[in-house]
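Engineer: Can you look at this prediction? I've put the sequence above it.
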Protein chains: 2
Amino acid sequence: MDDKLMLMIPGPTPVPEQALLAMAKHPIGHRSGDFSKIMAEVTENLKWLHQTQNDVLVLTASGTGAMEAGMINFLSRGDRVLCGSNGKFGERWAEVAKAYGLEVDVISAEWGTPLDTEKFREKLEADTKKEIRAVILTHSETSTGVLNDLETINRYVKAHGEALIMVDAVTSLGAVNIPIDEWGLDVVASGSQKAYMIPPGLGFVSVSAKAWEAYKTSDLPRYYLDLGPYRKSAAKDTTPFTPPVNLFFALQATLRMMKAEGLEQIFERHQRLTKISRAAMKGLNLPLLAPDDATSTAVTAVRPPEAVDAEKVRSVVKKQFDIALAGGQDHLKGKIFRIGHLGFVSDRDILTAISAIEVALRELGYEGFTPGAGMAAATRVLAES
Amino acid sequence: MDDKLMLMIPGPTPVPEQALLAMAKHPIGHRSGDFSKIMAEVTENLKWLHQTQNDVLVLTASGTGAMEAGMINFLSRGDRVLCGSNGKFGERWAEVAKAYGLEVDVISAEWGTPLDTEKFREKLEADTKKEIRAVILTHSETSTGVLNDLETINRYVKAHGEALIMVDAVTSLGAVNIPIDEWGLDVVASGSQKAYMIPPGLGFVSVSAKAWEAYKTSDLPRYYLDLGPYRKSAAKDTTPFTPPVNLFFALQATLRMMKAEGLEQIFERHQRLTKISRAAMKGLNLPLLAPDDATSTAVTAVRPPEAVDAEKVRSVVKKQFDIALAGGQDHLKGKIFRIGHLGFVSDRDILTAISAIEVALRELGYEGFTPGAGMAAATRVLAES
C-alpha cells in the first residue's frame, strides 16, 4: 500500500494538512503588502513562541545555517569560545568555530551522556581575564536524545558576565520550556522542520541586545548569513533576500495552531510523549541511550541488546507499517534507533509507533519481553497524566 | 474579487499546479531511499538544464546565497577579482567580494546599459602577471532587464587563461541559452523561483573541474556554504544538511515539464515573450530601459515619460486586474516598472499583461498612443514568429 508514510523521525516532522494546503497556494511577490502582513504576523508569533522581546530573524537555510549565522555575527577572528560537545551537533559547532579561526575549547562528554555542567563552571570561573567570548552548546542533542542542562550552564555564563551564550535549540525550541528573556539567552537557533510543524527550509535565530553590541565589533566575513540586514529588513516587515514565500504561508498557519494549543500545553504534550515512549521501551526491556534526568522531548534513542539489530527493527517497522524511525548517526549507526515525537505528534501516534515496534521485535525473534508490555507501560503513563 | 493574483514579476514566478500539488505532499525523511531517488533524478535533470557534466549543487538558500557560495569556495583572501556592475545585482557581488577581503576591481556601466566587453578585454590583457583570479558578472541584470554579453566576456577570460569566470545566471539560466560546457563556464549560480518554475528556497551552483582545483587552496571561511560537502553528498544522492524536501518534490515535477517542453523551445518561448513585450511597449510609446541588442529574456523594464507615474501604472494594474508588475529598485524606484516574463509564462499571459497596462495608461490620462497599439504590435510579433 502506497502513500501512507508516517514520519516518526526528529525532522522532517509531520506537517498538518492546513499547513500543506497553505503551502500549495500560488506564491505572491515578496515585496508586496500582502507578504509584509504575513511577515508581521509571523514575526510577532515567533517572539511569542520564543518567549522573548529580542529579534527573531528568519533565514532561508537549514538549522545549521541558522546556528552558523548565530555564531559568526557576534565573534571575531581569534576569539576564544567554549563548545559543548556530546553528539553529532555539538561536534558540528566546534567545526564551524574552527572553520572561522576561533580558538575553540571543547568540553565533551560521551554520546548519550549529558554535558557536565561543573566543567563549564570551572572553565568560566578560571577565566578571570574574561577571554571567553562565547559558550556554545546544543540543548537537545538530536543524535542521542540527550537534553543538556542549559539552565545551569547559562547560570555560570551569567556569573562570568562577559561571555555570550549561543544555543542550538533546533530540536528543543517549541518542545520544551526555553524562557529566552527570563534566562537572558543571547543567541538561540532553530529550524522549521522541527517543532514548527512545517517542512525544512527556514532557520530561525533569536538575538539579544548584548549580542547586537558584540555584532558592532565582530569581524568574521559573511554576507548571506550577515544578520544585520535581516534585522533592518524585519523592522520593515520584509527580508533582505527573496524568502521562500510558500514556507511562510505554512508557518503562518502552524504558528496560529501553536498559539491556539498554548505554549504550556505544547510542552506538556511533548513531555507526555517522551514519558510514554521511554516507559514503553523499558517495558520491552530495550535500554535507552539517554538517562532519565536528561531526556530530550523531541526524540527517544533506543539501544537494543546485541541480539536485536537496530537497523532491522527500523526496516520491519518501515516495510510492514510504513512508519519511518530514525537510525543512529556516525559511530552509533546500526546500534540505535530513534523514535521522533516532535511537533505535530499526538498520543495516538506514539501508541501506533510502540505497537509497530513490538510487532517488529517479535518478528525478529526477540523474546525478551512479555507480549503487550510496551503498550501496558504506555497505558500506565497515560492513566497517570 | 479575491485569490486571483497573476504574477508578472521576475521572481517569484508563477508555479504550475502540478508543482504546487507535489509540494503539498507530506514530507518524507531526507535520509530515506525515496528521497535519494528524487535527488538522483533531480541532479541528472539539472545537468541537462545546465548543459553540463559539471557538478550542479543544490543549496537551501536564495540566489544570493548560491552566488556567494560560488564565489567564496574558489578564492582566497586578498585575491584580485574583476566585478561587472551595471545594476543592483552586479553591485551586490562587489559587496560580497569586499566582505571577504578580496581586492575588487569594478567595471561598471550605467543601470540600463550593458557592460562594455572591451573594458574586460583590456583589463585581462593588461594582467600579464595573471593576478586576476576571477571575473564575476551578472548575466541577466534583473533590476534593469539588461543582458550582459557573457559569451564575449568569457572569451576574454579564456584568453587570459588563469581567471575563473563566475556567473550570476539567476534570471537567465533556463531562459536563454547558456551552454556551460561549450563555453567553459566555471561557476554558474541560479535560484528556484525563476525559470525553474517553483517557489523560492533553493539555490543552484554549477562548478567546473577548474574551479574545484581552486577549491583546494581557497582559504575563505565558510561552513554552511562550503560546497565541498555538497559535492561529496550529491555523489551519494544526498545532501550535507536537511534539504527542503517539499521544494524538491516541486522541482522534480517542473524539471520533468521542462524536459518535455525541450530546451530550445523554452528559450524560443522566452525570446518570443520578450519580443512581444518590447514591441507592445514601443507601440504604446513607452521607452524601454534596456537596448534592443542587450535584452534579458526574463524581464522588460519600462521607463514611462515624466507625465506617467510608473508606480501608479503598477497600482492600477494590480487593483483593477490583480496583476503584479515589479517596480524599480534603489534609484530607479518610482521611475520604472518591470514586466516579468520568466518561467511558467505563456503567450496568453503576456497579452493579458499588455492589455491591462494599456487600460491603466488610459485611466491615468496618458494619451500618447493609438488605442490598441500595444496589442497590434504584439499581434504582429506573434504573426511573424
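Structural biologist: Received, thanks. Residues are numbered from 1 along each chain as shown, chains lettered A, B, ... in the order given.
Engineer: Render the CA-only coordinates of the longest helix seen in chain A in PDB, please.
Structural biologist: Longest helix in chain A, counting residues (DSSP state H): helix A:263-283. Taking Å, rounded to 0.1, in the frame of the first residue of the first chain, the C-alpha atoms of helix A:263-283 are listed here in PDB:
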ATOM      1  CA  LEU A 263       2.800  27.000  25.000                       C
ATOM      2  CA  GLU A 264       2.400  25.100  28.200                       C
ATOM      3  CA  GLN A 265       0.100  22.600  26.600                       C
ATOM      4  CA  ILE A 266       2.600  22.000  23.800                       C
ATOM      5  CA  PHE A 267       5.400  21.400  26.300                       C
ATOM      6  CA  GLU A 268       3.200  19.100  28.400                       C
ATOM      7  CA  ARG A 269       2.300  17.100  25.300                       C
ATOM      8  CA  HIS A 270       6.000  16.700  24.400                       C
ATOM      9  CA  GLN A 271       6.800  15.600  28.000                       C
ATOM     10  CA  ARG A 272       4.000  13.100  27.900                       C
ATOM     11  CA  LEU A 273       5.000  11.700  24.600                       C
ATOM     12  CA  THR A 274       8.600  11.300  25.900                       C
ATOM     13  CA  LYS A 275       7.400   9.600  29.100                       C
ATOM     14  CA  ILE A 276       5.200   7.200  27.100                       C
ATOM     15  CA  SER A 277       7.900   6.400  24.700                       C
ATOM     16  CA  ARG A 278      10.500   5.800  27.400                       C
ATOM     17  CA  ALA A 279       8.200   3.700  29.600                       C
ATOM     18  CA  ALA A 280       7.100   1.600  26.600                       C
ATOM     19  CA  MET A 281      10.700   0.900  25.600                       C
ATOM     20  CA  LYS A 282      11.600   0.000  29.200                       C
ATOM     21  CA  GLY A 283       8.500  -2.300  29.200                       C
END
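Engineer: In it, which residues are buried?
Structural biologist: For helix A:263-283, a neighbour-count test (16 or more other C-beta atoms under 10 Å in any protein chain shown) marks A:266-267, A:269-283 as buried. To be clear about C-beta, it is placed using only N, CA and C from the backbone, and glycine gets the same treatment.
Engineer: next one: stretch A:293-302
Structural biologist: Residues of stretch A:293-302 classed as buried by neighbour count (16+ other C-beta under 10 Å): A:294-302.
Engineer: restrict those to those near chain B?
Structural biologist: Contacts with chain B are made by none of those, judged by C-beta under 8 Å from any C-beta of the partner chain.
Engineer: In JSON lines, list the residues you listed along with pLDDT and secondary structure.
Structural biologist: JSON lines is the format used below for the buried residues of stretch A:293-302 (pLDDT from 0 to 100; DSSP: H, G, I helix; E, B strand; the rest coil):
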{"residue": "A:A294", "pLDDT": "98", "secondary structure": "coil"}
{"residue": "A:T295", "pLDDT": "98", "secondary structure": "strand"}
{"residue": "A:S296", "pLDDT": "98", "secondary structure": "coil"}
{"residue": "A:T297", "pLDDT": "98", "secondary structure": "coil"}
{"residue": "A:A298", "pLDDT": "98", "secondary structure": "coil"}
{"residue": "A:V299", "pLDDT": "98", "secondary structure": "strand"}
{"residue": "A:T300", "pLDDT": "98", "secondary structure": "strand"}
{"residue": "A:A301", "pLDDT": "98", "secondary structure": "strand"}
{"residue": "A:V302", "pLDDT": "98", "secondary structure": "strand"}
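Engineer: now those as TSV including distance to B:K4?
Structural biologist: Shown next, in TSV, are the buried residues of stretch A:293-302 (distance: C-beta to C-beta, whole Å):
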residue	distance to B:K4
A:A294	54
A:T295	50
A:S296	46
A:T297	44
A:A298	41
A:V299	44
A:T300	47
A:A301	50
A:V302	51
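Engineer: Now do the same contact list for the spatially most central residue of chain A.
Structural biologist: Closest to where the C-alpha atoms of chain A average out (C-alpha atoms, centre = their mean) is A:T171, at 1.2 Å. By C-beta atoms under 8 Å, 6 or more residues apart in numbering or on different chains, A:T171 lies in contact with A:10-11, A:139-140, A:142, A:194-195, A:296, A:298-299, A:342.
Engineer: ok so A:A326 is a strand residue?
Structural biologist: Yes - counting by DSSP: H, G, I helix; E, B strand; the rest coil, A:A326 is part of a strand.
Engineer: which of the residues in the helix or strand harbouring A:V381 are buried?
Structural biologist: According to DSSP states H and E, A:V381 maps onto helix A:373-384. By 16+ other C-beta under 10 Å, the buried positions in helix A:373-384 come out as A:373-375, A:377-379, A:381.
Engineer: in the stretch 201-350 of chain A, which spans are strands?
Structural biologist: Assigned by DSSP state E, counting those that start in this stretch, the strands in the stretch 201-350 of chain A fall at A:202-207, A:299-302, A:323-327, A:337-340.
Engineer: which stretch among those strands comes nearest B:L115?
Structural biologist: strand A:202-207 (34.8 Å; C-beta to C-beta).
Engineer: can you list the weak-confidence ranges in chain A?
Structural biologist: Nowhere does chain A drop to pLDDT under 70.
Engineer: and the stretch 51-200 of chain A, which of its residues are near chain B?
Structural biologist: Selection of the stretch 51-200 of chain A residues close to chain B by C-beta under 8 Å from any C-beta yields A:60-65, A:68, A:72, A:95-96, A:99-101, A:191, A:193, A:199-200.
Engineer: Of the contacts of A:T171, just say which sits nearest to chain B.
Structural biologist: Set against chain B, the nearest of the contacts of A:T171 by C-beta to the nearest C-beta is A:G11 (6.5 Å).
Engineer: A helix includes the closest one, no?
Structural biologist: No - counting by three-state DSSP, A:G11 falls outside a helix, being coil.
Engineer: What is the neighbour count of it?
Structural biologist: Using other C-beta atoms under 10 Å in any protein chain shown, A:G11 has 28 other residues around it.
Engineer: Please apply the same query to the one 5 residues further on.
Structural biologist: By the criterion of other C-beta under 10 Å, A:P16 has 17 neighbours.
Engineer: Can you give me every residue that contacts it?
Structural biologist: So A:P16 contacts A:197, A:253-254, A:257, A:344 (C-beta under 8 Å, 6+ apart).
Engineer: go on, A:Q51?
Structural biologist: A:178-182, A:263.
Engineer: what's the answer for A:A290, then?
Structural biologist: Residues in contact with A:A290 (C-beta under 8 Å, 6+ apart) are A:112, A:114, A:144-147, A:296, A:300-301.
Engineer: Looking at those, which one is closest to B:L364?
Structural biologist: Of the contacts of A:A290, the one sitting nearest to B:L364 (C-beta to C-beta) turns out to be A:S296, at 60.2 Å.
Engineer: Quick check: the gap between the closest one and B:E91.
Structural biologist: Going from A:S296 to B:E91 by C-beta to C-beta, to the nearest Å gives 45 Å.
Engineer: A:E384 too?
Structural biologist: On the measure of C-beta to C-beta, A:E384 and B:E91 end up 63 Å apart.
Engineer: tell me which element A:E95 falls in.
Structural biologist: Taking DSSP H and E as the definition, one finds A:E95 inside helix A:88-99.
Engineer: Now the element after that helix, going C-ward?
Structural biologist: Going down the chain from helix A:88-99, the next helix or strand is strand A:103-108, by DSSP H and E.
Engineer: other SSEs contacting whatever helix or strand comes next after that following strand?
Structural biologist: For strand A:103-108, the following helix or strand on the C-terminal side (DSSP H and E) is helix A:117-126. For helix A:117-126, the elements it packs on are strand A:80-85, strand A:103-108, strand A:132-138, helix A:150-160, judged by 3 or more C-beta pairs under 8 Å, 6 or more residues apart in numbering or on different chains; DSSP states H and E.
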